[in-house]
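Visitor: Pasting the sequence and the predicted coordinates here, then a few questions.
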Amino acid sequence: MRRRSSWTLSGVAILLAAISGFGYLMPCAAPGAFLHRLGLPLDRAACPSPVSASAASDKGASLPLAPAVTVVKSAAHDFVDRFFVSGTLVPRDEAMVGAQIDGLRIVELLAEDGDHVDKGQVLARLDRSQLDALVAQNDAALARADAAIAQATSQIGQFDASLAQAQAELDRARKLDVQIVTQATLDQKIAAFRTAQSLLAAGKSALAVAEADKASRAAERRELMVRIDRTEVRAPVAGIVSRRTARLGAVALSASDALFRIVTDGAVELEAEIPEQWLARLTLGMPSKIALPGVEGEVGGNVRLISEEVDKATRLGKVRIALPREAQARIGSFASGVVIIARRSGVGVPTSAVTRGEDGDFVQVVADDRVEQRKIVTGITNARLTEIREGLVESETVVARAAAFLRSGDHVRPIVSAAPNGKKVEEAAR
């Protein structure tokens with residue numbers, strides 16, 4: 001009999017534990033009646049009265065709990081619209097310096113890769129010994145021409161004197177009577193006069209020939225001096241030597257590769273290829289920031305050239321971005337950066353707060369705990385913030401993450417979230 005009572009009490013205990021664990025599924029009056037039938041005491045404080053429970057139920061039905069949504073306030077930000085570019089560093093202008101005279105060997109080199117050179121500076125010298133021999137030969141020819149001129153000039157003086165004497169004798173013979181001077185003598189005087197004239201003309205011709213020969217020799221000398229001057233390879237422009245192919249002892253040929261390449265004024269640019277739809281957005285002078293290999297930080301630049309031609313195969317156009325002279329840019333290196341397309345201040349909201357659809361862009365504005373679907377016009381957009389050009393003003397509250405289940409007029413319980421850190425937003429265009 002005692003064993004049955006103990007088992008009964010144990011079963012009651014287990015039953016009470018089950019009832020207490022799942023009491024939220026049963027009205028509080030049910031376990032109370034059950035305990036009363038078992039003859040156990042009932043704790044009235046543990047169960048509210050029927051009147052209080054009914055009142056609480058009526059109050060909850062009249063004020064349902066609104067859904068909680070995270071909201072942020074629109075704020076002013078500095079937006080920067082930029083476009084990513086990459087390409088190869090190239091010289092703005094490159095001077096090709098080659099030999100202007102063929103067949104001479106290089107005997108001296110005066111410039112190396114990377115040297116800064118001035119306009120007219122000697123870069124290399126060629127062997128001029130053969131030209132020096134020709135100059136000596138020309139000097140002898142000029143001296144001979146000078147002697148010929150002097151001889152011709154002297155002969156002209158003699159011939160001129162002979163002509164004057166013949167002229168005088170002829171004039172005297174013509175004034176004398178026929179009985180005194182015979183016709184034969186007069187004919188001799190006339191012949192002598194004409195011979196003197198011929199000799200004077202021949203002397204003048206010889207002088208002209210000598211002078212022409214001297215002029216020819218002088219022209220040959222000028223040509224030789226030009227050729228000698230060309231044995232010194234000079235820089236046609238000021239700049240930086242980017243490549244030197246000249247070698248000591250090599251024979252310089254004008255038809256071969258350039259002996260030196262000079263970057264004019266040391267100006268280096270980034271040549272990038274961009275899609276054709278972006279060409280219309282770029283204008284000359286737009287600022288840019290370029291990251292150079294091996295250089296800490298970024299260097300500033302400007303758009304200098306926008307190609308008017310688009311490759312019909314790749315649909316890409318070329319853009320040249322000028323870099324500052326002091327930038328440590330090496331030709332042929334790869335570089336990348338951004339072009340600043342626009343920079344302005346405006347109202348911004350998180351990009352997640354913007355809903356994009358066929359009818360335009362929308363945000364869900366929260367005012368007096370009510371949702372309002374509002375159409376907006378967006379501007380610069382990135383993964384974090386979106387610029388609102390129209391439809392929203394600063395300090396308005398919007399749903400931080402637009403939800404499809406929210407509709408205009410819905411009652412919500414807003415929970416304010418911290419605005420994105422920072423006042424400056426940049427878009428890395430894709």
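Guide: Received it, and whenever you're ready, just let me know what you need. Numbers count the residues shown, from 1 in each chain.

Visitor: which residues of the stretch 251-400 of the chain fall in helices?
Guide: Ranges of helices in the stretch 251-400 of the chain, per DSSP state H, counting those that start in this stretch, are 276-279.

Visitor: Show the residue spans covered by the strands in it.
Guide: 251-252, 260-264, 268-275, 287-291, 299-310, 316-322, 334-350, 355-357, 360-367, 370-381, 385-390, 397-399 (DSSP state E, counting those that start in this stretch).

Visitor: what residues does the third one touch?
Guide: The list of residues contacting strand 268-275 from outside it, by Cβ atoms under 8 Å, 6 or more residues apart in numbering, reads 83, 85-92, 282, 290, 301, 304-305, 311, 314-323, 327, 329, 331, 335, 337. All C-beta atoms are positioned from the backbone trio N, CA, C, and that covers glycine.

Visitor: From the residues you listed, keep the buried residues only.
Guide: Neighbour counting with 16 or more other Cβ atoms under 10 Å marks 83, 85, 87, 89-92, 282, 290, 301, 304, 316-323, 327, 329, 331, 335, 337 as buried within the contacts of strand 268-275.

Visitor: how about the residue nearest the centre of the chain, what does it touch?
Guide: The centroid of the chain falls nearest to residue 321 when counting by Cα atoms, centre = their mean (1.8 Å). For residue 321, the contacting residues are 85, 269-270, 272, 288, 290, 301-304, 337, 339, by Cβ under 8 Å, 6+ apart.

Visitor: contacting residues around residue 69?
Guide: If you count contacts by Cβ under 8 Å, 6+ apart, residue 69 has them with 366, 399-400, 403, 406, 412-415.

Visitor: quick revisit: got a markdown table for the strands of the stretch 251-400 of the chain, with distance to residue 77 too?
Guide: Converted to a markdown table, the strands of the stretch 251-400 of the chain look like this (distance: least, Cβ to Cβ, whole Å):
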| stretch | distance to residue 77 |
| --- | --- |
| strand 251-252 | 63 |
| strand 260-264 | 41 |
| strand 268-275 | 27 |
| strand 287-291 | 19 |
| strand 299-310 | 23 |
| strand 316-322 | 27 |
| strand 334-350 | 4 |
| strand 355-357 | 20 |
| strand 360-367 | 15 |
| strand 370-381 | 9 |
| strand 385-390 | 6 |
| strand 397-399 | 14 |
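
Visitor: how about the ones you listed in TSV, adding distance to residue 126 and mean pLDDT?
Guide: Putting these into TSV (distance: least, Cβ to Cβ, whole Å; pLDDT from 0 to 100) gives the following:
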stretch	distance to residue 126	mean pLDDT
strand 251-252	6	90
strand 260-264	13	93
strand 268-275	31	94
strand 287-291	41	94
strand 299-310	37	93
strand 316-322	36	94
strand 334-350	38	91
strand 355-357	71	86
strand 360-367	72	92
strand 370-381	61	90
strand 385-390	65	91
strand 397-399	78	93
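
Visitor: which one of those strands lies closest to residue 65?
Guide: strand 370-381 (15.8 Å; Cβ to Cβ).

Visitor: Can you give me the pLDDT of the spatially closest residue to residue 169 that is not a sequence neighbour?
Guide: Counting by Cβ to Cβ, 6 or more residues apart in numbering, residue 169 lies nearest to residue 189, which is 5.2 Å off, once chain neighbours are set aside. For residue 189, the pLDDT comes out at 79.

Visitor: my read: residue 189 touches residue 165, true?
Guide: No - in this structure residue 189 lies outside contact range of residue 165 using Cβ atoms under 8 Å: 10.5 Å.

Visitor: Compare these two (neighbour count), which wins?
Guide: Taking other Cβ atoms under 10 Å, residue 189 and residue 165 do not tie; residue 189 has more neighbours (19 against 12).

Visitor: Doesn't residue 171 lie inside a strand?
Guide: No - using DSSP: H, G, I helix; E, B strand; the rest coil, the secondary structure at residue 171 is helix, not a strand.

Visitor: What distance do you get for it to residue 259?
Guide: 74 Å (Cβ to Cβ, to the nearest Å).

Visitor: Then residue 167?
Guide: From residue 167 to residue 259 the distance is 68 Å (Cβ to Cβ).

Visitor: list the contacts for residue 343?
Guide: Applying Cβ under 8 Å, 6+ apart, one finds that residue 343 lies in contact with 78-81.

Visitor: now, which of those residues sits nearest residue 124?
Guide: residue 80 (49.5 Å).

Visitor: Quick check: nearest residue in space to residue 238, chain neighbours excluded?
Guide: Nearest to residue 238 is residue 119, by Cβ to Cβ, 6+ apart, at 4.7 Å.

Visitor: you'd agree that neighbour is up against residue 264?
Guide: No - between residue 119 and residue 264 there is no contact under Cβ under 8 Å: 10.0 Å.

Visitor: ok, those two, which is more surrounded?
Guide: Between residue 119 and residue 264, counted using other Cβ under 10 Å, the more crowded position is residue 264 (16 against 13).

Visitor: Surely that one touches residue 117?
Guide: No - contact criterion Cβ under 8 Å: residue 264 and residue 117 do not qualify, at 10.9 Å.

Visitor: so what sits against both of these two?
Guide: Joint contacts of residue 264 and residue 117 (Cβ under 8 Å, 6+ apart) are 238-239.

Visitor: Secondary structure class of the closest residue to residue 412 other than its chain neighbours, three-state.
Guide: Once flanking residues are discounted, residue 412 sits nearest to residue 69: 4.8 Å by Cβ to Cβ, 6+ apart. Secondary structure for residue 69, judged by three-state DSSP, is strand.
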